[in-house]
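Trainee: Build me a model from this:
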Amino acid sequence: MRTLADVLPAAALSLEPKGRKGGLLPKARTVVVLLVDGLGDQLLAASHGHAPFLRRLRQNPHSTTLTSGFPSTTATSLGMLGTGLLPGAHGLVGLEVLDPDRDQVFNELMWDPAVDPRRWQPAPTVFEQVVAAGRDVTRIGPAFFDGSGLTEAVQRGGRFVPAQSLEERVEVAIAAARRSRSSLIYVYWGDLDKIGHEQGCRSWNWTGELERVDACAQQLAAGLPADSLMVVTADHGMVDVPFENRLDLATEPELLTGVRHLGGEPRSLQLYCEDGATDDVAAALTARLGDDMIVVTREQAVDEGWFGPVSSHVLPRIGNVVTAATGPVAVVDSRTARPQTLRLLGLHGSRTSVETEIPMLVAQS
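Mentor: Numbering: from 1, shown residues only. As a prediction, this is how the structure comes out:
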């Protein structure tokens, strides 16, 4: 199956004057990529009555289902989108990961100013490559994205235009498309994910926001000039995890015996172990969680391709023990987690199809 890492390289190729036929996307003068955070393919299919425009786009022969990487989390997925690389190559291998040079775990969404984002992810982004080829790149999102650690790591390149509401971002994208003869335009929208986290991805609030996304996507497609493409995709799906299905490590601290750092996130823990403790940690977690989570060592995860091919400098960023939830469960640590994190109903991060399958919906004008 194609992955999210294929989207921007395909968009760049479609802008080439002699772009080859039969690619993932047809040739176009301008390509607009709208990434809707949390718009899992299965969630969209289950709520298709609330998204008639997006439902029609499934009929386009270039529309398809993609898969996100592992873990199915925003920082990792945006790394795939922005670089065209799988997680083991771009190196953003989780929400909270170890910086081996400092032996400290940091959050790749919030970033840590002590971590140089261009050193952490030195490969050129697709945006940088498109600019180097002489085409315009416009990135549209909230103002705080501009210059942030995550943006500098995986989405640098071109011009950033801040815009608040989705409607405003659509207007900016249409104006950018009409202004340039050949351009790649990227629009990010995060409220669907936020609502899913806070109120559940099966809630009326979630489907109400999906209706808004659907209307704005239709407005965007209708406003683009001739010979343009609009691509709607996502970074991951989501599952609602009942609070009674959450194991709190604060009540079972023995599961952290031999663990130096706890990383990852509730549906895909990454545990960084003391020397010689990896097998014992994996065995303890398997005994406690084996019916609900896959528990593997770093070596097993790499051998089985969970992260794609892993570069040598990325390897120590991955936990010695890695887990992936198979059912509606999660693992938290109330001693260290932020209170707002503990209140989230919708979660993602694991390898289930509802979390990893994402749409790629294409509109041509």
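
Trainee: Give me the domain ranges for the chain.
Mentor: 4-91+111-239+352-364, 243-347 (automatic domain parsing).

Trainee: out of those, nearest to D103?
Mentor: Among the domains of the chain, domain 243-347 comes nearest to D103, with 7.8 Å by C-beta to C-beta. C-beta here means a position set from N, CA and C on the backbone, and glycine is covered the same way.

Trainee: Please tell me how far the closest one is from the chain's geometric centre.
Mentor: 19 Å (C-alpha atoms, centre = their mean, to the nearest Å).

Trainee: quick one on the thing from earlier: now the domains of the chain in TSV, with distance to D99, mean pLDDT and mean neighbour count?
Mentor: Written out in TSV, the entries for these read as follows (distance: least, C-beta to C-beta, whole Å; pLDDT from 0 to 100; neighbours: other C-beta atoms under 10 Å):
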stretch	distance to D99	mean pLDDT	mean neighbour count
domain 4-91+111-239+352-364	6	96	20
domain 243-347	8	96	18
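
Trainee: so which of the ones you listed gets nearest L98?
Mentor: In terms of C-beta to C-beta, the element of these nearest to L98 is domain 243-347, at 5.3 Å.

Trainee: what's the span of that closest one from first residue to last?
Mentor: The stretch domain 243-347 measures 11 Å between its terminal residues, going by C-alpha to C-alpha, to the nearest Å.

Trainee: for this structure, which helix is longest?
Mentor: Across the chain, the helix with the greatest residue count (assigned by DSSP state H) is helix 204-223.

Trainee: which residues are contacting that one?
Mentor: Helix 204-223 is contacted by residues 32, 34, 36, 39, 44, 47, 50-54, 166-167, 170, 173-174, 177, 187, 189, 191-192, 195-196, 199-200, 230, 232, 363, 365 when judged by C-beta atoms under 8 Å, 6 or more residues apart in numbering.

Trainee: and V302, what does it touch?
Mentor: By C-beta under 8 Å, 6+ apart, V302 lies in contact with G88, V310, L315, I318.

Trainee: Looking at those residues, which is nearest G147?
Mentor: The nearest one, if we look at the contacts of V302 relative to G147 and count by C-beta to C-beta, is G88, at 26.7 Å.

Trainee: and the closest one, what does it touch?
Mentor: G88 makes contacts with V302, F307, G308, P309, V310, S311, V314, as judged by C-beta under 8 Å, 6+ apart.

Trainee: I'd like the distance from the strand or helix carrying it to the chain centre, please.
Mentor: For G88, the element it lies in under DSSP states H and E is helix 87-90. Between the mean C-alpha point of helix 87-90 and the mean C-alpha point of its chain there is a distance of 13 Å (C-alpha atoms, centre = their mean).
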